[in-house]
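1. Make a model of this:
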Amino acid sequence: MADHEPTAGRDPIELRDAAEPRDAATELIVYACPNGPLADALTDFFAATRRAPGPNRAHAYPPHVTLTGFFRDHPSSVGVYVRALDAARDAWWSSRPQPVVAVTELAVHDHWIGLVVRSPWLERLIADFADHAVSATRAEAIRVKGGLHLSMAYEHAPAERDALATAAARVDPAAAAGWDLRLYERTGEGGWRMHATWPLEVARDATATTDV
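-> Predicted coordinates:
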């Protein structure tokens with residue numbers, strides 16, 4: 001891609017061998033997650049709407065902007081993706097805009113409610129990551145997402161739309177927000193494991209694995 005100048009001279013990060021069988025797959029995905037006042041407002045929204053009108057599909061996920069599709073690989077391959085995300089963040093760090101992610105609107109539709117966001121810089125960073133995260137044990141390419149958004153409610157009953165819209169109106173899309181780049185694993189029973197997180201506003205190393 002023409003936008004990938006910062007990657008020049010950088011070799012792909014590759015996993016050539018793995019100790020575990022190919023069918024021992026881990027399901028991974030890359031998200032951008034808010035922090036600060038916006039994240040606090042979203043936490044309140046999800047807690048309130050879980051109580052009433054009740055859970056919908058958005059409650060199954062941490063508040064996030066999806067940057068890739070799910071991809072499957074060996075559990076032993078996770079370090080490949082941590083290193084590739086770390087390298088992509090470093091490569092694009094000096095060109096990051098402020099804000100890194102712009103929330104452009106709170107959108108309310110019959111079957112989807114959420115925040116519409118914009119970050120061409122983050123889309124280029126993730127395309128760089130997808131180009132350089134090479135694993136011989138991953139069967140499919142990493143799909144980079146466009147049309148960035150943060151879902152607050154979807155797959156809810158039509159009768160719940162007004163109550164959800166009223167609750168969503170309490171979330172100010174202009175609220176201050178920082179953003180973290182995160183590598184998640186979707187585990188059994190609807191659980192999530194965060195393998196690493198990188199702040200996108202300050203120069204700090206990734207933090208360690210946590211279960212959420």
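2. could you pull out the helices for this protein?
-> Under the criterion DSSP state H, helices of the chain are mapped to 37-51, 78-92, 120-132, 161-168.
3. could I get those helices as CSV with distance to residue 100?
-> Glycine gets a C-beta too; all of them are placed from N, C-alpha and C. Shown next, in CSV, are these (distance: least, CB to CB, whole Å):
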stretch, distance to residue 100
helix 37-51, 13
helix 78-92, 10
helix 120-132, 7
helix 161-168, 23
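4. Which one of those lies nearest to residue 66?
-> Smallest distance to residue 66 across those (CB to CB): 10.1 Å, for helix 120-132.
5. Just checking the distance from that closest one to the centre of its chain.
-> Remark: helix 120-132 is offset 13 Å from the chain centroid, using CA atoms, centre = their mean, to the nearest Å.
6. swap in stretch 170-185?
-> Counting by CA atoms, centre = their mean, stretch 170-185 is centred 10 Å from the centre of its parent chain.
7. do stretch 165-180 as well
-> The chain centroid and the centroid of stretch 165-180 are separated by 17 Å, computed with CA atoms, centre = their mean.
8. send the alpha carbons of that stretch over as CSV?
-> Output in CSV follows, covering the C-alpha atoms of stretch 165-180 (Å, rounded to 0.1, in the frame of the first residue of the first chain):
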residue,chain,number,x,y,z
ALA,A,165,-32.0,5.4,22.6
THR,A,166,-32.9,7.3,25.8
ALA,A,167,-30.1,5.7,27.7
ALA,A,168,-27.6,6.3,24.8
ALA,A,169,-28.5,10.0,24.8
ARG,A,170,-26.8,10.3,28.2
VAL,A,171,-23.5,9.4,26.5
ASP,A,172,-21.8,12.6,25.2
PRO,A,173,-19.9,11.7,22.1
ALA,A,174,-17.7,14.8,22.7
ALA,A,175,-16.6,13.5,26.1
ALA,A,176,-12.9,13.4,26.6
ALA,A,177,-11.3,10.1,25.7
GLY,A,178,-8.0,8.4,25.5
TRP,A,179,-7.6,5.2,23.4
ASP,A,180,-5.8,2.0,23.9
